[in-house]
Each structure stands twice: as structure tokens, then as C-alpha cells.
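J.: how would this look folded up:
(2 chains)
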Amino acid sequence: AQSVTQPDIHITVSEGASLELRCNYSYGATPYLFWYVQSPGQGLQLLLKYFSGDTLVQGIKGFEAEFKRSQSSFNLRKPSVHWSDAAEYFCAVAPRGNAGNMLTFGGGTRLMVKP
Amino acid sequence: GAVVSQHPSRVICKSGTSVKIECRSLDFQATTMFWYRQFPKQSLMLMATSNEGSKATYEQGVEKDKFLINHASLTLSTLTVTSAHPEDSSFYICSARPRNTGELFFGEGSRLTVL
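T.: Just a heads-up that it's a prediction; the model follows:
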């Protein structure tokens, strides 16, 4: 069965420091991969997605993610974190060819930013 | 990007009453909408897939008679929590997919508190 694992439940970084949020997936074939951000009490906003092609994907708000097939990973990175980045981050996968359906979410990583 | 709106954003009700949550796609038509449930500090769990003009498809373990879903038009899906109990208290999020794209857009979420 497909699954998405975000090993880190909480991460705290200082403002201006770099960030990497981990995501590993278990799937029959390489799925479509997504990262979403959720601010408290809000819905989800898509940060970036990977369907095919260049394995380094650029997203909004200065985020990027790198797909590594050999590691079944899709880690999210940002070179310099801002206080406004504090939120919950979800990695998600969808079956290839069915990006609009059947999203499976990871457990989420809560990012806290120290001044 | 496309906009999905949920109403109400917060609702408090007494045990035994029914509550309706609306999900609207404001600037596109959505033949398919999805309802998720999110417990505090947890990830999103897909409850059901709502198809315009037909019956919803429920995920395993989700009570159809408890969570009534109606997708009467291409821009509106409703989730009715019938005979609500305190354990139904949760954050409910909908998402919708425009006809010509695979990307999902999420609503802001609706927080239900059952007293």
C-alpha cells in the first residue's frame, strides 16, 4: 500500500537559517509528488509539485524540493527561513496519471521559527 | 490561482443536531470535489469523493449515513454531519479540481465543535 512518511513531527529553526523538511514515500511506481503548507486554522496551499522532468523543482515563497528516485524522497528546502514560514507542511503523493485525485498525505511537519 | 471557499469557517452545535458545510469553487467548474477530515495536530484523511450529479464515493470506515454529501452543481458540494456528537468535532477541508487541469485547490477549512 502507498504511504508517505514525514519523519520530523516538529522542527525549529532560527530566522535566516536554512531549512530542509524530509519526505519519503512508498509506492508501486513513481507517483506525482506535492508539498503543501497550512497556516493555523487555514486550508492548504500548494508550494510545489513534481510530475516529471527536472528533479529539482522550484516553488512559491522561495521553496524548492528535490526528487531522488533512489531514495524515494522528495525533501523540501529553503535557503533562508522567514518568521512567516512558521506553519504546518504536508508532503503528498498521487498516482501517476491521476494528479487530481486520491492524494495521500504525510503526517505533517510543524515548523517553528525562532527570532 | 483558482479559489475554493468553504462556509462556515467555524460552527458550534449541540450534540444531536445536524450541521451543513458548503464548499464552493468560485471561479471554475469542478466535476469532482473531495472532503477531508483533520484531527488536531494530525494529517488530512480523505473522507469521500463528491461527483457532480451522482453519489459520493466514501472511503473505508466513513459512515455514509453520518456524513451526507451532495454535489448538486458544478460549483457546490455540501457535507452534512447528521446527529453530530462530540467525537465528530474536527477540521473539515474540501478540495476541488478544475475540469481541464489536474491540480487540486483547497478550501480554507471548517472547524466543527460539537458540545
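J.: Dig out what A:Val57 forms beta bridges with.
T.: A:Ala65 (DSSP bridges).
J.: Correct me if wrong: it contacts A:Lys49.
T.: Yes. Using CB atoms under 8 Å, A:Val57 is in contact with A:Lys49, at 7.0 Å. The C-beta positions use only the backbone N, C-alpha and C, and glycine is treated the same way.
J.: near chain A, which residues of chain B?
T.: B:1, B:4, B:6, B:32, B:34, B:41-46, B:49, B:91, B:93, B:95, B:97, B:101-109, B:111 (CB under 8 Å from any CB of the partner chain).
J.: Can you flag the buried ones in those residues?
T.: B:4, B:6, B:32, B:34, B:43-46, B:49, B:91, B:93, B:95, B:97, B:104-109, B:111 (16 or more other CB atoms under 10 Å in any protein chain shown).
J.: How many neighbouring residues does B:Leu79 have?
T.: By the criterion of other CB atoms under 10 Å in any protein chain shown, B:Leu79 has 25 neighbours.
J.: Please apply the same query to the one 10 residues further on.
T.: B:Ser89 is surrounded by 17 other residues when neighbours are defined as other CB under 10 Å.
J.: Quick one: residues contacting it.
T.: B:112-114 (CB atoms under 8 Å, 6 or more residues apart in numbering or on different chains).
J.: try A:Lys78
T.: A:18-19, A:61-64, A:85.
J.: by contact count, what packs against the helix or strand of chain A at the bottom of the mean pLDDT ranking?
T.: Taking mean pLDDT, DSSP states H and E as the measure, strand A:104-105 is the helix or strand of chain A with the lowest mean score, a mean of 89. Packing contacts for strand A:104-105, counted by 3 or more CB pairs under 8 Å, 6 or more residues apart in numbering or on different chains; DSSP states H and E, involve strand A:3-5, strand A:87-94, strand B:44-51.
J.: Reformat those as JSON lines; add mean pLDDT and distance to B:Val62.
T.: As requested, the helices and strands packed on strand A:104-105 are exported to JSON lines (pLDDT from 0 to 100; distance: least, CB to CB, whole Å):
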{"stretch": "strand A:3-5", "mean pLDDT": "91", "distance to B:Val62": "19"}
{"stretch": "strand A:87-94", "mean pLDDT": "93", "distance to B:Val62": "19"}
{"stretch": "strand B:44-51", "mean pLDDT": "89", "distance to B:Val62": "5"}
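J.: With distance to A:Pro79 added, can I get the ones you listed in CSV?
T.: What follows is the helices and strands packed on strand A:104-105, written out as CSV (distance: least, CB to CB, whole Å):
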stretch, distance to A:Pro79
strand A:3-5, 25
strand A:87-94, 16
strand B:44-51, 28
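J.: Could you find the closest non-adjacent residue to B:Cys23?
T.: Of all residues not flanking B:Cys23 in the chain, B:Cys94 sits nearest, at 3.5 Å (CB to CB, 6 or more residues apart in numbering or on different chains).
J.: The one you found: neighbour count?
T.: Neighbours of B:Cys94 under the rule other CB under 10 Å: 30.
J.: Provide the strand pairings for the one helix or strand it maps to, with the direction of each partner.
T.: When elements are assigned from DSSP states H and E, B:Cys94 belongs to strand B:90-98. Here strand B:90-98 is paired, per DSSP bridges, with strand B:30-38 (antiparallel), strand B:105-106 (antiparallel), strand B:110-114 (antiparallel).
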